[in-house]
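>>> structure of the sequence below:
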Amino acid sequence: TLLRMLMELAEEKAPVVGPSLTPGVTEIAPPRVVSDSKVPLSNNNEPAGSALTLIRERKLSEGQRIPPRVPSPVKSLGLDDNATEDVDGAGEEKAPVVGPSLTPGVTEIAPPRVVSDSKVPLSNNNEPAGSALTLIRERKLSEGQRIPPRVPSPVKSLGLDDNATEDVDGAVVDDEEEGDEPDLDPLEPVRGEVRCVPSLFPHRVPGIYFDYPELLRNLGIVRDEQGPGADFYVEELGNRKIFYKCGWERNCIKNAFTRAGFRRKISGVQWNCAWSKHLSTDGFENLNRFQKVNHFPGSWCIGRKDRLMRCIGRAKRAAGKMPNVPSNAFDIVPGGWILPTEYDSFMRNVSQERNPVYILKPSASACGRGIRLIHKNNMNTVPTEKPCIIQEYLKDPYLINGKKFDLRIYVLVTSFDPLRAYVFQEGLCRFSTHNYSMKKLNSRFAHLTNYSVNKKSKHFVAPTSDNNSDMEGSKWSLTALWRYLMQAEGKGAVKKCQNEVKRLITKTLIAAEGEIAPLVHRHLKSPGCCYELFGFDVFLDKCLRPWLIEVNISPSLMGSSPLDQKIKGTLMADVFHLIGNVPYDDKAIKSDNLKEKLMRRAGTYRSKTTSKRSNQDLWRLNPTHPGTISLHDLSDEDWELIFDTEDEYARKGHFTRLFPSEDNIDLLNYFQSPRFNNCMMMAWLLHGRP
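Next up, the predicted model:
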């Protein structure tokens, strides 16, 4: 009842009176009108569930003495004969207690309340221990009820400090998003404070702590056992800000930011982290060191199907000229042609094959739109002018229960120079809904594994479990697939397949690095302003050999099932935790801009994404060997890159480091342009890391 009345007062922008956290402040309660509705009473003639009832119940359960109840001598304040006050023995001042009135239509004025200078013990929610709000929250949690989020109170004139909060029904639930189920969130951080993850190195700024949803913590997914990156402390924001910009209405994104204390920024440039579409060239150039955006300039080179084919084709041609690189190193995608420019070459291949089967895909589409098989009966339907790609069809897939499937693997890249990439431990396995057969080439439900296609089939079975432990349905978790394959093929075969998948992903990123890294140096003032989450779609043939199907630069984050909510909720919390967001400091930005302006006038300005290489002559003679790096002659910029790498790894959560890694030293030879930073990081992992 008290909570409901507080919510009504909040809607009317009326001040909420609670125990003040500021010593020595006198608080005056506003007039309060009690409606004519009947208030249910407890056994003590108090409203059921009221603050006084809860406090008495708690005291009784703890064996404390309950003071006698005497009639209140105060009637001028609107209390009737049944109103009472709490006294604790003789000799103490009898202060009236304001509670819900039992007399309809009576306006109650609370007397002044002076908060002494003694410290008020606080609960975990920064509320006074044993207060009414704390007890109501504890009771609701024990009953499994939803707890609304905490937002800052607009009232300061009554002695509430900046950390005081009021309860309102939260706005993190996105009711307009079809198929995306809301998460049940805990209480949010207090306005004016931020939870920080300390750096492993004392001179560096801490990152912002991102917690998991309540749903995941109930499943045992917590950060408590994830190493030093799971520790946090509370820090005052002061004049700094934490805002986010989001161009996609996805609950797993908005909830992750909200739980960390971020507020959404609709317009303006003072934001910390963005999840949006690609920025323009000017947008990348205007980023400052406190901002992070979820795309790298030029990442379309693997995000479009036609450009991915060109990128891999260029890496294939270069591999044949590189020492210590097999000529088939980049045979990771099926052979194909980009139409209409390679139409004649495609037709020559058709004439040389017997009963060929191809798959046609639009160059820039998603969700399976426009994808179909091409065979001798419909060869005349291949477009001669419309941009698309056509690839050799992989006819021998690995089948489970007679059905074809593919893997969705999530990969996070935080830098392209040096290349720093992480693969998420969990993912999705998506099945076709009809049995695979080469006799039914026109059946999209048999040959396509896209979720958007197969969910329209009457045979589609939505996952109902959060982990698919029974391995049923049209969508499994990645761990469920590996478990199935271990039972069917053995641990050794699965381990080999997993390693080949990781190398396939790393080779794709290395092929893209030659295009993306120069654009990063050209358009970004500071390193670390960009991160990107890629969705790799991988096909397994009957020999468990992985093939790259496509790369999504904006993978779907819909949470339409318990399985999706678990995987994608964990994924996004770990993404934002790992990349190391920091509060936005406008004063520091103005100082940086002034310093840059003066350096440009003096002709000494140099972007932080580039650095001079001195005292590394041995590396220049052999730029692909980590042993040529002298760790004793590193610059301050070099050490900052090492510190970034170590801090990210400490905050990795459920990510595994993909590159650099001691397991793929040979991949240094695969870069078309050897870079000092890549070799330096590998040398650090091999020889310098304690």
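>>> what secondary structure does residue 410 sit in?
strand (DSSP: H, G, I helix; E, B strand; the rest coil).
>>> residues near it, how many?
Look at residue 410: counted by other Cβ atoms under 10 Å, it has 27 neighbours. Yep, even glycine has a C-beta here, placed from its N, CA and C like the rest.
>>> also residue 590?
There are 10 residues near residue 590, going by other Cβ under 10 Å.
>>> got phi/psi on it?
With angles defined as degrees, to the nearest 10, residue 590 sits at phi -60, psi -40.
>>> now do the SS call for the residue positioned nearest the centre of the chain.
In the chain, the residue lying closest to the centroid (Cα atoms, centre = their mean) is residue 572, at 1.9 Å. What three-state DSSP gives for residue 572 is helix.
>>> list the contacts for it?
Residue 572 is in contact with 252-253, 256, 557, counting by Cβ atoms under 8 Å, 6 or more residues apart in numbering.
>>> kindly recompute the last result at 6 Å.
Neighbour list for residue 572: 252-253, 256 [criterion: Cβ atoms under 6 Å, 6 or more residues apart in numbering].
>>> just the pLDDT at it, thanks.
pLDDT, residue 572: 96.
>>> also residue 529?
Reported pLDDT for residue 529: 95.
>>> how near is the closest residue to it other than its chain neighbours to residue 392?
Leaving aside its chain neighbours, residue 529 sits nearest to residue 287 (4.4 Å; criterion: Cβ to Cβ, 6 or more residues apart in numbering). Separation of residue 287 from residue 392 (Cβ to Cβ, to the nearest Å) stands at 41 Å.
>>> quick one: which of these two has more around it?
residue 287 (20 against 16).
>>> wasn't that one part of a helix?
No: secondary structure of residue 287, determined by three-state DSSP: coil, with no helix assignment.
>>> so what pLDDT did the residue nearest to residue 485 when sequence neighbours are not counted get?
Leaving out its chain neighbours, the residue that sits closest to residue 485 by Cβ to Cβ, 6+ apart is residue 494, at 4.9 Å. Note on residue 494: pLDDT of 97.
>>> residue 494: what's it in contact with?
482, 485-486.
>>> what mean pLDDT would you report for stretch 381-398?
94.
>>> going by neighbour count, list what's buried in it.
382, 388-394, 397-398 (16 or more other Cβ atoms under 10 Å).
>>> show me the contacts of residue 494 that map onto helices.
Counting by DSSP state H, the part of the contacts of residue 494 found in helices is 482, 485-486.
>>> which of the residues you listed count as buried?
482, 485.
>>> closest one of the ones in helices among the contacts of residue 494 to residue 583?
residue 482 (39.5 Å; Cβ to Cβ).
>>> taking the buried residues of stretch 381-398 together, which two end up most distant?
With Cβ to Cβ as the measure, no two of those lie farther apart than 382 and 398, at 28.5 Å.
>>> so where's the longest helix in the protein?
helix 491-523.
>>> give the other helices and strands that the following helix or strand past that helix contacts.
Moving toward the C-terminus from helix 491-523, the next helix or strand (DSSP states H and E) is strand 532-540. Using 3 or more Cβ pairs under 6 Å, 6 or more residues apart in numbering; DSSP states H and E, the elements in contact with strand 532-540 are strand 405-416, strand 546-552.
>>> so which of those strands is the most surrounded?
strand 405-416 (a mean of 23; mean count of other Cβ atoms under 10 Å).
>>> can I assume residue 328 sits in a strand?
No: counting by three-state DSSP, one finds residue 328 to be coil, located in no strand.
>>> where exactly do the strands run in the stretch 201-350 of the chain?
207-208, 233-236, 243-246, 263-264, 273-275, 292-293, 336-339 (DSSP state E, counting those that start in this stretch).
>>> how about JSON lines for the ones you listed, with distance to residue 564, mean pLDDT and mean neighbour count added?
Shown next, in JSON lines, are these (distance: least, Cβ to Cβ, whole Å; pLDDT from 0 to 100; neighbours: other Cβ atoms under 10 Å):
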{"stretch": "strand 207-208", "distance to residue 564": "25", "mean pLDDT": "94", "mean neighbour count": "25"}
{"stretch": "strand 233-236", "distance to residue 564": "32", "mean pLDDT": "91", "mean neighbour count": "12"}
{"stretch": "strand 243-246", "distance to residue 564": "18", "mean pLDDT": "94", "mean neighbour count": "20"}
{"stretch": "strand 263-264", "distance to residue 564": "23", "mean pLDDT": "92", "mean neighbour count": "14"}
{"stretch": "strand 273-275", "distance to residue 564": "17", "mean pLDDT": "96", "mean neighbour count": "23"}
{"stretch": "strand 292-293", "distance to residue 564": "25", "mean pLDDT": "97", "mean neighbour count": "22"}
{"stretch": "strand 336-339", "distance to residue 564": "31", "mean pLDDT": "95", "mean neighbour count": "21"}
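>>> all good on my end, thank you.
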